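# With the input below, show me the fold.
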Amino acid sequence: MASARTIHADLWRVFLLTLASLFLIPAATLVFTHYVLQTEDRDFIQRVDERINAARELTPAQKAEEIAFYDTHRLSMACGATAPEDRVFHDKVCSPYSMHWWFHWADRAAFWTLILGAALLAAAGVLGALAFANRGLRYASFVAGWRLMTVSSAVEVTLQSAMLVFLSFWLTAYFWHNYYIKLVGLAGIMAALAVFYAIYTLFKKLPSGYAIEGELLGQADAPRLWDRIRQLAARVNTAPPDQIIAGIDTNFFVTEAPCSVAGQALTGRTLFVSIPLLRVLDTAEADAVLAHELAHLGGGDTRSSAALGPKLNQFDLYTWQMRSGGLTIVAHYLLRLYRMVFEFALARDSREREYTADRVAAKLTAPQSIVQSLIKISAYSSYRNTVERKLFEQEHQHSGALGIAGFVAAGLHPYASSGEFVTAMKTAAVPHPYDTHPPLLERMRNVGHKLPESSYGAIVTTVPSSTWADEIATAGAIEQRLWSEYEQRFAAAHEQSLAYRYEPATDEERAVVLRYFPPVSFDLGKDKRIDISYEGVHATADGGELTSWDEVKGMTFNNSSFGNTLTITHFDKGLIGARTSKIKLKGLGKQEAHFKAVLGSYWQRHQIMRAQQKARAEEAAAA
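Predicted coordinates for the structure are as follows:
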């Protein structure tokens, strides 16, 4: 769990980035338009004063009258002058698409965008406070905030994109009496793409529901377990689950959200049970865990989560998609800030729900049973994570079955007797796919059964005489299938990580790297090409020399009407500053996007590999 200091630091960082994204462009636009309009007013009044004072045919009183008129009819006031007597003044100075017309509307847009940004910040705070203060208002406040923030973010993107195009033209046009069509075009393209992306994403149907890794457990597969769950549900005064899913994850949970298992869509009440955990819990301890989960059903926790969960998922997807749309980044941090504020309310409520469910379970079974189950689940989860981390850190490929379940079963008892175990359990929290659960010690105090740390090991190493896993006829077959699939995915992910870790130094390592990073050749025409491999960049168009990745400090892709070029900055010094070399890419054409992606990916692989080599060397030196 993240520390409070880390959470607050992250909140402040996101808050500052939100301020920058909401106010930087409109504030810069407002400052610029005010400066230009005031400068134009001052120059205009100065010219008028000189002309009027030089007019000999005017009396001092007439001069004073004319100066007073122009002082109340400054150029910056023309676009706002709507009275009939000011029609000529308005039309002459503020004709459509004139300079003052552009600056007037840019000034208004910047001002109201700043007001909108401030209002959105205030709304985020108020809606977050409502969710924090009242659980009953949480769903309504989030739905209101979701609609307000997503629609307003699209408006923000549109307004700020227009301002950026305005600045790209008028900044250079005003100060240097020139404009750069490429700069304006680039800003216009970025703005158009951002607006399209924001509106498209706003109305795009985002995926909902989620898949659960496991298999359905029918009545015939575990009749006694189903009966026991129905009995516990009756004692909790709630309806039993509509289906039970058995899996190998290290948690138990219930949900009323639509989900799927093995491609089959499920609705209603779903209970997930972990077969590996059922094997380490005796029936009383397992009953306590099941009663805890059924208490969530009885307390309406899953019903509210089922309603709110999909909204949260869709909001999160929209928020992170706003980060990848170029100028839509201006909306990302506002959405993210609102989500963080709302998360504080959810976290507090989550802890209270866990405490309540624990007390229900302790009352229906025994405080000792719920506490011992928490210790065993935390220990199993912690040790399984350790086993998988060590397997993933290994520098050789895994072949065949990994035997993770066997490693955990064989090593759990020795682990429970180690100093590492005691340290891990001091801050342990029971894993769960939805909530941030309170630490183990707090949950013990909540049910009034606190155990000394010295007793944890004995609890974990006690072999249960009977378990609910024994009552599941298909348990062994389910575990075998799920572990096989899980280990295949684990081995594939591990092999891919090795492709980033290997230099490579042997033929075996080279084969792994080439599987994920094979040489890629780009035809440049006229018998010229550029090759990218894990070793570096090889351009036949520029002398045929291989530029090793170790020589590359930085790279810049340059577009030009005379042909694209790749500028490589080296680590060694040149005559002036760092040495650079250029690779001509004339003829790259439509391959440009693919070339950039491959170039960045292969260079990133090399940097990761060298960084890991350095970290291992430092660890070895420290040891």
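# and residue 366, how many neighbours does it have?
Per other C-beta atoms under 10 Å, the neighbour tally for residue 366 reads 17. Backbone N, C-alpha and C define where each C-beta goes, glycine included.
# how about it, phi and psi?
Dihedral pair for residue 366: phi -170, psi 140, per degrees, to the nearest 10.
# measure it to residue 254 for me?
21 Å (C-beta to C-beta, to the nearest Å).
# now swap in residue 24 and tell me
Distance from residue 24 to residue 254, by C-beta to C-beta: 46 Å.
# okay, these two: which has more neighbours?
residue 254 (22 against 12).
# I'd like the next helix or strand past the helix or strand hosting that one.
Per DSSP states H and E, residue 254 falls inside strand 253-255. Next helix or strand after strand 253-255 toward the C-terminus (DSSP H and E): strand 259-261.
# strands paired with that next one, and their directions?
Paired strands of strand 259-261, with direction, are strand 210-211 (parallel), strand 264-266 (antiparallel) (DSSP bridges).
# how far is the strand holding residue 254 from where the chain is centred?
24 Å (C-alpha atoms, centre = their mean, to the nearest Å).
# rewinding a little: Throw the strands paired with strand 259-261 into TSV and include distance to residue 585 and mean neighbour count, thanks.
TSV is the format used below for the strands paired with strand 259-261 (distance: least, C-beta to C-beta, whole Å; neighbours: other C-beta atoms under 10 Å):
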stretch	distance to residue 585	mean neighbour count
strand 210-211	43	13
strand 264-266	50	13
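# Let's have those strands in CSV, adding mean pLDDT.
Output for the strands paired with strand 259-261, formatted as CSV (pLDDT from 0 to 100):
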stretch, mean pLDDT
strand 210-211, 80
strand 264-266, 90
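# Go through these and name the closest to residue 311.
Nearest to residue 311, of all these, is strand 210-211, at 13.6 Å by C-beta to C-beta.
# what is the rounded mean pLDDT of the helix or strand following that closest one?
Note on strand 210-211: by DSSP H and E, the next helix or strand toward the C-terminus is strand 215-216. Strand 215-216 carries an average pLDDT of 95.
# Quickly run through the sheet partners of strand 215-216, with directions.
Strand 215-216 has these strand partners (DSSP bridges): strand 243-247 (antiparallel).
# Identify all contacting residues around the strand it pairs with.
Outside strand 243-247, the residues that touch it by C-beta atoms under 8 Å, 6 or more residues apart in numbering are 212-217, 222, 225-226, 229, 261, 266, 268-275, 472, 474-475, 478, 482.
# Report the buried members of the residues you listed.
Buried members of these, scored by 16 or more other C-beta atoms under 10 Å, are 212, 214-217, 222, 225-226, 229, 261, 266, 269-275, 472, 474-475, 478, 482.
# Now do the buried residues in the host helix or strand of residue 444.
Element membership for residue 444, per DSSP H and E: helix 440-447. Neighbour counts over helix 440-447 (16+ other C-beta under 10 Å) mark 440, 441, 443, 444, 446, 447 as buried.
# Confidence-wise, which of these comes last?
Across the buried residues of helix 440-447, the smallest pLDDT goes to residue 440, namely 81.
# Show me what the strand holding residue 254 is packed against.
With contacts taken as 3 or more C-beta pairs under 8 Å, 6 or more residues apart in numbering; DSSP states H and E, strand 253-255 sits against strand 270-274, helix 283-298, helix 301-322.
# and the shortest one, which strands flank it?
It refers to strand 270-274. strand 243-247 (parallel), strand 253-255 (antiparallel).
# which is the next helix or strand following the helix or strand that contains residue 62?
Assessed by DSSP H and E, residue 62 sits inside helix 60-72. The C-terminal neighbour of helix 60-72 among helices and strands, as given by DSSP H and E, is helix 87-93.
# Point out where the stretch 201-350 of the chain drops to low pLDDT.
Applying pLDDT under 70 to the stretch 201-350 of the chain flags the ranges 201-209, 306-307, 309-310, 323-328.
# ok, residue 407 touching residue 387?
Yes: Residue 407 is within contact range of residue 387, at 4.9 Å (criterion: C-beta atoms under 8 Å).
# higher neighbour count, those two?
residue 387 (21 against 17).
# how close does the more buried one get to residue 279?
As for residue 387, its distance to residue 279 is 16 Å (criterion: C-beta to C-beta).
# now swap in residue 534 and tell me
The spacing between residue 534 and residue 279, counted by C-beta to C-beta, is 44 Å.
# Repeat that for residue 98.
Taken as C-beta to C-beta, the span from residue 98 to residue 279 is 80 Å.
# Compare those two and say which is more crowded by neighbours.
residue 279 (19 against 14).
# Just give me the longest strand of this protein.
In the chain, assigned by DSSP state E, the strand with the most residues is strand 565-573.
# Who are the packing partners of that one?
strand 552-558, strand 578-584.
# Quick one: mean pLDDT for the first one?
Averaged across strand 552-558, pLDDT comes to 87.
# buried sites along it?
552, 555.
# Summarise which helices and strands it is packed against.
Counting contacts by 3+ C-beta pairs under 8 Å, 6+ apart, strand 552-558 is packed against strand 565-573, helix 592-622.
# can you tell which of those is closest to residue 370?
Short answer: helix 592-622, nearest of those by C-beta to C-beta, at 40.4 Å.
# Need the pLDDT of residue 27.
With respect to pLDDT, residue 27 has a value of 92.
# Please identify which helix or strand holds it.
Residue-wise, residue 27 maps onto helix 4-54 under DSSP H and E.
# Name the SS class of the residue lying closest to residue 166 once chain neighbours are set aside, please.
Of all residues not flanking residue 166 in the chain, residue 106 sits nearest, at 5.0 Å (C-beta to C-beta, 6 or more residues apart in numbering). Recorded secondary structure, residue 106: helix (DSSP: H, G, I helix; E, B strand; the rest coil).
# and residue 106, what does it touch?
So residue 106 contacts 29, 33, 163, 166, 170 (C-beta under 8 Å, 6+ apart).
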